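K.L.:
Following is a predicted model, sequence given first.
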Amino acid sequence: MDALPLIALIAVSAAIAGAARRTPVPAPLLLVAAGLLAAYVPGVPDYTLDPHIVLPLILPPLLYTAAVDSSYLDLRANARPVAMLSVGYVLFATVAVGYLAYLLVPDLPLTAALVLGAVVAPPDAVAATAIARRLGLPNRITTILQGESLVNDATAITAYKVALAAAVGEGASWGGGIAEFALASLGGVAVGLVLMVPIHWLRTHLKEALLQNTLSLLIPFVAYAAAEWVGASGVLAVVVVALYLGHRAWQVDFATRLQEEAVWKMVAFILESSVFALIGLQLPYVIEGLGGYGVGETLWYAAGVFAAVVVVRFVWVFPATFLPRGLSKRIREREPDTNWTAPVIVGWAGMRGVVSLAIAFSIPLATADDEPFPARNLVLFLTFTTVIGTLVIQGLTLPPLIRALKLPGRDAYAETLAEAQAQSEASQAAERRLEELLADERNALPQPLADRLLTVLERRRNAVWERLGAVNELTGESADDTYRRLSREMIDAEREVFVQLRDQRRIDDEMMRTLLRRLDLEEAAAYREES
C-alpha cells in the first residue's frame, strides 16, 4: 500500500472518531458505517485486510494498551466468569455455531463450518473496550467483558488452527487439538512470565523517559513475536506482560508515566479508528469473491449465522452464570449481587471485530490436495456480515437496553468519597514524613518554603473533598473548579508575557520553551484530566 492512501485512512478515520465524541453514537459504529459508504466512492483505493499485518502488527499494541489499563486485582477477583467466557464460551461457540452453519448451508463441509465457527467465536477486544468505556457500565461487568476480550483471541486462534488442519486435510484429532491448545495457552503464559520481570527491571533502570517509552512501544511486539516463535500464543504473552507492567506502573518515574500515557493514548486512538474503518472498507472485496452464490441465499445464510452467534452466546452465558452459583456456596458468597440483568448485558455485548476478519482472510485458497478450500469466499462473507451485524445491531441497541434494564452505573459520589479518603490518608503520611525531614538540620528550609510545602499538601488533600461540597450559586462551580480556573487564567497571563518577551528578542526561543514547560507542568498539576 502506498503512503498516501495509508495517511488518508488514518487522517479520515481520526477525524470521524473525533466527530463521534460529539454524538451519542459510539465511534466504532460511525467508523464502520463510514467505511461501508466509502468502499464504493470512486477513487477510494483498495484497503484489503492483510492478516500478516493485522495479527502481528496491529493486534499486539491494541491488546497491550487494553491490558495495561485493566486491573489485575479485578481480573483475578473475576477469574471464574472471565475464564468461562474467554475459554469455555469460545470453544462452545466454535462447535455450536459451526454445526448450526453446517445444517443451514447446503454442501458446506463440517470441517469448513467449524472453521467458520472458530473465526466468529471471539468478541473483539477493541469493540468491547470502546463500547463499555463509552457506556459507563458497572465495574464488574466492564472487567468481565475486558478480561474476556483480552484472552479469547488466543482460544479462538488455536481452535481455528485445529479446525483448519482438519479442513485442509492435514489431519487433526482430539488429542492433537488438546495438545496444541495446551502448548498455545501454557506456552503463551510462560513466555509472558519469563519476559515480564526483566522488562520491568529494564524500565525501572533506564534513566531517560524517552528511552523508557521507546522500550514501551516495542514491548507488545517483542512479547508477541517471542511467543509465536516457540509456537505459543502471542496474545497471552502480551496480556501477561501488560498486566504485570500495568500493576507495577507506580514503580516507574513520573516523567515516563506522563509521557507513556500520552503516547499510548495516541497509538490506541489511531489504531482503533483505522481498524473499524478498515472493517467497513472490506465490503467490495468480500462481495466480489462470492461468485456463483445468489444474493438472496447468501443473505439468508448471513442472517442465520448472525442469529446463531447471538443465541449461542445467551445459551452459554446464563447457565455459566447461575449453574456454578447453584452448585457452590463459595461462589454465591463471592458474587452475592448477581441477577439476571448482568448476563443479559454480557450476552448482548458480544460484538465481533477485526480479529475475526483477519483470521478469515488467512484461510488458505487451497487444501493439502491442491483443491480449492471449500466455500472459502462464503465463509469470508458470513464472517464479514456477522462482524457488521454485531457491531451495528448490538452496538446501537446496547445503550437503550442498559437504560431499559435500569442497570446502575458507576457511583460517582462513592468513588469521589473513596478518592478523598485515600488522599487524606496519603497526605497525613506525607505530613508526618515532612516533619521528620525538617527535624534534621541537613534539611533546614526557610519558614516560607516549609510553609509552601505544607500549603501544597493541604491543597491536594482538600481538593477532592471540595468536589463533594457546595457549589458556587453564580457559576455552578465547586471551590476546586474555581481554583483550577483561576490558576489557568494566571498561567495564561504568564505565558503571554513569555511569548511577548521572545518576540521582542529579550529572551531567545530556547529560554522561552524552558519557561513554558514549567508553566505546562504547573497547569498539569492544577488541572486533572477529564476524560
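P.N.:
On my side now, so go ahead.
K.L.:
Return the residues in contact with residue 96.
P.N.:
117, 308, 312, 315 (CB atoms under 8 Å, 6 or more residues apart in numbering). C-beta coordinates here come from the backbone N, C-alpha and C atoms, glycine included.
K.L.:
Looking at those, state which has the most neighbours.
P.N.:
residue 117 (30 neighbours; other CB atoms under 10 Å).
K.L.:
quick one on the thing from earlier: want to throw the contacts of residue 96 into JSON lines with secondary structure?
P.N.:
Putting those into JSON lines (DSSP: H, G, I helix; E, B strand; the rest coil) gives the following:
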{"residue": "117", "secondary structure": "helix"}
{"residue": "308", "secondary structure": "helix"}
{"residue": "312", "secondary structure": "helix"}
{"residue": "315", "secondary structure": "helix"}
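K.L.:
Closest one to residue 285 out of those residues, please.
P.N.:
Taking CB to CB as the measure, residue 285 lies nearest residue 117 of the contacts of residue 96, at 22.3 Å.
K.L.:
ok, and the closest non-adjacent residue to the closest one?
P.N.:
Residue nearest to residue 117 in three dimensions, not counting chain neighbours: residue 98, with 2.8 Å by CB to CB, 6 or more residues apart in numbering.
K.L.:
Verify the contact between the one you found and residue 119 for me.
P.N.:
No. Counting by CB atoms under 8 Å, residue 98 stays clear of residue 119, with 9.4 Å between them.
K.L.:
In terms of neighbours, single out the busier of the two.
P.N.:
residue 119 (33 against 27).
K.L.:
The more buried one contacts residue 359, doesn't it?
P.N.:
Yes. Under the criterion of CB under 8 Å, residue 119 lies in contact with residue 359, with a separation of 5.0 Å.
K.L.:
anything in contact with each of the two?
P.N.:
Counting by CB under 8 Å, 6+ apart, the shared contacts of residue 119 and residue 359 are 156, 160.
K.L.:
From the centroid of the protein, which residue is nearest?
P.N.:
residue 66 (3.5 Å; CA atoms, centre = their mean).
K.L.:
Extract the C-alpha set from the helix or strand hosting it and format it as CSV.
P.N.:
Using DSSP states H and E, residue 66 sits in helix 59-68. Taking Å, rounded to 0.1, in the frame of the first residue of the first chain, the C-alpha atoms of helix 59-68 are listed here in CSV:
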residue,chain,number,x,y,z
LEU,A,59,-3.3,-6.7,17.4
PRO,A,60,-0.4,-6.7,19.9
PRO,A,61,-0.4,-2.9,20.7
LEU,A,62,-4.2,-2.9,21.0
LEU,A,63,-4.1,-5.8,23.4
TYR,A,64,-1.2,-4.2,25.3
THR,A,65,-2.9,-0.8,25.9
ALA,A,66,-6.2,-2.5,26.9
ALA,A,67,-4.4,-4.9,29.3
VAL,A,68,-2.2,-2.1,30.8
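K.L.:
average pLDDT for it?
P.N.:
Averaging pLDDT along helix 59-68 gives 90.
K.L.:
what packs against the very next helix or strand once past it?
P.N.:
Next along the chain after helix 59-68, taking DSSP H and E as the criterion, comes helix 72-77. On a contact count with 3 or more CB pairs under 8 Å, 6 or more residues apart in numbering; DSSP states H and E, helix 72-77 meets helix 139-167, helix 234-247.
K.L.:
Give me the angle between the first one and helix 234-247.
P.N.:
Note on geometry: by axes from the mean of the first three to the mean of the last three CA atoms, to 10 degrees, helix 139-167 and helix 234-247 are set 160 degrees apart in direction.
K.L.:
Does the next helix-or-strand element following helix 139-167 pack against any helices or strands, and if so which?
P.N.:
Later in the chain than helix 139-167, the nearest helix or strand by DSSP H and E is helix 174-205. With contacts defined as 3+ CB pairs under 8 Å, 6+ apart, the packing partners of helix 174-205 are helix 139-167, helix 209-229, helix 234-247.
K.L.:
so how far is the shortest one from its chain's centroid?
P.N.:
In terms of CA atoms, centre = their mean, to the nearest Å, the centre of helix 234-247 is found 13 Å from the chain centre.
K.L.:
The strand or helix carrying residue 269 packs against which elements?
P.N.:
Using DSSP H and E, residue 269 maps to helix 254-281. Secondary-structure packing of helix 254-281 (3+ CB pairs under 8 Å, 6+ apart): helix 3-20, helix 27-38, helix 59-68, helix 125-135, helix 209-229, helix 354-361, helix 376-389.
K.L.:
Show me what counts as buried in the next helix or strand along the chain from that helix.
P.N.:
Proceeding N to C from helix 254-281, the next assigned helix or strand is helix 283-288, under DSSP H and E. Buried positions in helix 283-288, judged by neighbour count with 16 or more other CB atoms under 10 Å: 283, 285-286.
K.L.:
I'd like those residues as JSON lines, with distance to residue 152 and pLDDT appended.
P.N.:
Listed next are the buried residues of helix 283-288 as JSON lines, based on distance: CB to CB, whole Å; pLDDT from 0 to 100:
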{"residue": "283", "distance to residue 152": "25", "pLDDT": "83"}
{"residue": "285", "distance to residue 152": "26", "pLDDT": "81"}
{"residue": "286", "distance to residue 152": "23", "pLDDT": "84"}
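K.L.:
Make a markdown table out of those and add distance to residue 321.
P.N.:
Shown next, in a markdown table, are these (distance: CB to CB, whole Å):
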| residue | distance to residue 321 |
| --- | --- |
| 283 | 36 |
| 285 | 39 |
| 286 | 35 |
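K.L.:
Just the closest of the residues you listed to residue 213, please.
P.N.:
Nearest member of the buried residues of helix 283-288 to residue 213, counting by CB to CB, is residue 285, at 36.6 Å.
K.L.:
Return the residues in contact with that closest one.
P.N.:
Applying CB under 8 Å, 6+ apart, the residues contacting residue 285 are 46, 48.
K.L.:
Relative to residue 306, how far out is it?
P.N.:
As judged by CB to CB, to the nearest Å, residue 285 and residue 306 stand 20 Å apart.
K.L.:
Repeat that for residue 487.
P.N.:
For residue 487 relative to residue 306 (CB to CB), the value is 53 Å.
K.L.:
Near residue 450, how many other residues are there?
P.N.:
Neighbours around residue 450, by other CB under 10 Å: 16.
K.L.:
so who does it touch?
P.N.:
Counted by CB under 8 Å, 6+ apart, residue 450 has contacts residue 438.
K.L.:
which element is it on?
P.N.:
Assigned by DSSP H and E, residue 450 belongs to helix 447-467.
K.L.:
Could you find the closest non-adjacent residue to residue 334?
P.N.:
residue 77 (7.9 Å).
K.L.:
Check residue 378 too.
P.N.:
Going by CB to CB, 6+ apart, residue 378 has residue 293 as its nearest residue, at 6.1 Å.
K.L.:
now residue 100
P.N.:
residue 308 (4.3 Å).
K.L.:
doesn't residue 102 make contact with the one you found?
P.N.:
No. Counting by CB under 8 Å, residue 308 stays clear of residue 102, with 10.7 Å between them.
K.L.:
anything in contact with each of those two?
P.N.:
Contacts common to residue 308 and residue 102, judged by CB under 8 Å, 6+ apart, are absent.
K.L.:
before we move on, back to that, most tightly packed of the helices and strands packed on helix 174-205?
P.N.:
helix 234-247 (a mean of 26; mean count of other CB atoms under 10 Å).
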